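Colleague: A predicted structure for the sequence below; I have some questions about it.
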Amino acid sequence: MSETIRLPHKPDSPLSYQFLPGQGSSSTTHLVVFLNGLIVPQDGWAPTIRDLQRRWSEKGSSSHPPLLTYDRYGQGQSARDPADAARGGTHSIQEVVGDLHTLVRQIWRIKVRATTTTRRKCPREPRTTPRLILVGNSIGCVIARLYAAEYPGAVEALLLLDSNIANSDLVSIFPDPDARGFDPAADLPPDVTIADLRRTREGYAAVFHPAAPNPEHLDRRAVAALLPDADAPALVGPGGDGPLVTVVGHDWNAFAEEGLRGFMRVPKSLTNSFMNPAWTRYNEGLVRITDALRARGPVTAVGCGHFIQRDDPVLVAELVEDLLGKVRDWKRWR
């Protein structure tokens with residue numbers, strides 16, 4: 001069941017969240033936080049969480065961390081961000097990162113520290129602040145990277161599921177039919193017309209461009225300047241080493257099918273000639289935001305489009321478990 005919380009710096013705007021307690025020693029040291037994209041709210045993680053719970057139950061796991069999902073301000077069941085009023089109707093991604101930091105600390109205080117200290121049999125005294133495992137999809141991956149960069153040492157692992165291409169407006173990945181030297185015979189797949197190209201660029205501009213409005217009122221225009229490179233900044237985890245990072249990309253064919261069947265009707269050959277190669281190159285860069293021995297990927301989520309947690313929640317649970325296993329064996333990685 002969802003609960004609400006009021007952050008101290010935004011007391012009149014409740015956030016909707018779900019918290020599942022952990023068990024054993026991990027319950028007082030780590031916290032897994034799921035970070036939504038723009039479209040699928042926190043409920044989209046429910047199938048993954050159910051599969052994690054099934055795995056832990058079947059294995060008789062005596063130690064696993066608590067799990068936290070939430071709807072950002074302006075998303076799902078949460079109130080609109082009061083910061084919008086001061087910024088002409090939108091709020092920045094830096095605002096989102098700051099809210100996440102406050103949320104994590106408050107949830108940890110009321111759900112872990114306060115409750116654990118009242119138990120007679122406590123596995124250990126809870127950490128003052130948790131070590132975080134961040135699981136993000138789309139823009140949630142951008143938030144995860146910015147958070148880990150803003151708070152070095154706080155994030156022990158990241159699972160990045162089809163990250164938004166943070167340093168691109170997405171529109172310019174496709175050729176410009178009005179550019180000097182554009183040659184449709186040379187620059188386009190044979191089954192794609194100039195009209196197809198224009199419609200695709202217009203559709204991406206209306207929905208995916210950083211300046212495009214969204215129901216959350218999140219202003220994404222600064223993202224490219226904040227994260228101009230796929231492989232930088234290098235992130236710092238606990239102890240000064242890089243965090244564990246797993247990068248996952250969509251299945252080319254499944255994503256191209258999504259584009260073809262969606263309202264933009266993007267020809268599959270257009271997606272496969274331009275967007276999919278660019279996204280793959282971006283994911284190859286993301287793997288380098290941590291130490292080579294702590295990176296995994298890019299992993300292809302076979303059969304999955306952009307919303308990997310929706311298309312294959314069992315895979316996402318498996319990848320979360322893989323990271324948690326490495327976190328439990330952290331000394332081997334240091």
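Modeller: Arrived safely, thanks for sending.

Colleague: which stretches in the stretch 51-200 of the chain count as helices?
Modeller: Counting by DSSP state H, counting those that start in this stretch, the stretch 51-200 of the chain has helices at residues 93-107, 114-116, 139-150, 184-187, 194-207.

Colleague: now render those helices as JSON lines, adding mean neighbour count, distance to Asp329 and mean pLDDT.
Modeller: All C-beta atoms are positioned from the backbone trio N, CA, C, and that covers glycine. Converted to JSON lines, the helices of the stretch 51-200 of the chain look like this (neighbours: other CB atoms under 10 Å; distance: least, CB to CB, whole Å; pLDDT from 0 to 100):
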{"stretch": "helix 93-107", "mean neighbour count": "19", "distance to Asp329": "24", "mean pLDDT": "98"}
{"stretch": "helix 114-116", "mean neighbour count": "14", "distance to Asp329": "24", "mean pLDDT": "79"}
{"stretch": "helix 139-150", "mean neighbour count": "24", "distance to Asp329": "21", "mean pLDDT": "98"}
{"stretch": "helix 184-187", "mean neighbour count": "12", "distance to Asp329": "50", "mean pLDDT": "96"}
{"stretch": "helix 194-207", "mean neighbour count": "16", "distance to Asp329": "42", "mean pLDDT": "97"}
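
Colleague: out of the ones you listed, nearest to Phe174?
Modeller: Comparing these against Phe174 with CB to CB, the closest turns out to be helix 194-207 (5.4 Å).

Colleague: how far off centre is the closest one?
Modeller: Distance of helix 194-207 from the chain centroid (CA atoms, centre = their mean, to the nearest Å) equals 26 Å.

Colleague: please save the CA atoms from it in PDB.
Modeller: What follows is helix 194-207 as a C-alpha-only set of coordinates in PDB (Å, rounded to 0.1, in the frame of the first residue of the first chain):
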ATOM      1  CA  ILE A 194      11.300  12.300 -46.500                       C
ATOM      2  CA  ALA A 195       7.700  12.600 -45.200                       C
ATOM      3  CA  ASP A 196       8.500   9.700 -42.800                       C
ATOM      4  CA  LEU A 197      11.600  11.400 -41.700                       C
ATOM      5  CA  ARG A 198       9.900  14.800 -41.100                       C
ATOM      6  CA  ARG A 199       7.000  13.100 -39.200                       C
ATOM      7  CA  THR A 200       9.500  11.200 -37.000                       C
ATOM      8  CA  ARG A 201      11.600  14.300 -36.200                       C
ATOM      9  CA  GLU A 202       8.400  16.300 -35.400                       C
ATOM     10  CA  GLY A 203       7.100  13.500 -33.100                       C
ATOM     11  CA  TYR A 204      10.400  13.200 -31.200                       C
ATOM     12  CA  ALA A 205      10.500  17.000 -30.900                       C
ATOM     13  CA  ALA A 206       7.000  17.100 -29.500                       C
ATOM     14  CA  VAL A 207       7.500  14.300 -26.900                       C
END
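
Colleague: what's downstream of it, the next helix or strand?
Modeller: Next in sequence after helix 194-207, counting helices and strands by DSSP states H and E, comes strand 218-219.

Colleague: now do that next one: which elements does it pack against?
Modeller: Strand 218-219 sits against strand 91-92, helix 93-107, with contacts defined as 3 or more CB pairs under 8 Å, 6 or more residues apart in numbering; DSSP states H and E.

Colleague: for the helices of the stretch 51-200 of the chain, which one sits closest to Ser26?
Modeller: Taking the helices of the stretch 51-200 of the chain one by one with CB to CB, helix 114-116 is closest: 12.2 Å.

Colleague: contacts only, for Leu226.
Modeller: Leu226 makes contacts with 93-94, 146, 166, as judged by CB atoms under 8 Å, 6 or more residues apart in numbering.

Colleague: any idea how far Leu146 is from it?
Modeller: Counting by CB to CB, to the nearest Å, the gap between Leu226 and Leu146 amounts to 6 Å.

Colleague: is Val266 in contact with Gly203, as I believe?
Modeller: Yes. Taking CB atoms under 8 Å as the definition, Val266 is a contact partner of Gly203 at 7.2 Å.

Colleague: check contacts around the residue sitting nearest the centre point of the chain.
Modeller: For the chain, the residue nearest the mean C-alpha position is Gly136 (2.0 Å; CA atoms, centre = their mean). Going by CB under 8 Å, 6+ apart, Gly136 touches 34-35, 37, 142-144, 158-161, 163.

Colleague: tell me the bridge partners for it.
Modeller: Beta-bridge pairing of Gly136 under DSSP bridges involves Leu35, Leu160.

Colleague: identify the contacts common to Leu226 and Leu146.
Modeller: Common neighbours of Leu226 and Leu146 (CB under 8 Å, 6+ apart) are 93-94.

Colleague: where exactly do the strands run in this protein?
Modeller: 3-5, 15-20, 30-35, 67-70, 91-92, 131-137, 155-161, 218-219, 244-250, 295-301 (DSSP state E).

Colleague: now for the first one, which elements pack on it?
Modeller: I take that to be strand 3-5. Judged by 3+ CB pairs under 8 Å, 6+ apart, strand 3-5 is in contact with strand 15-20, helix 93-107.
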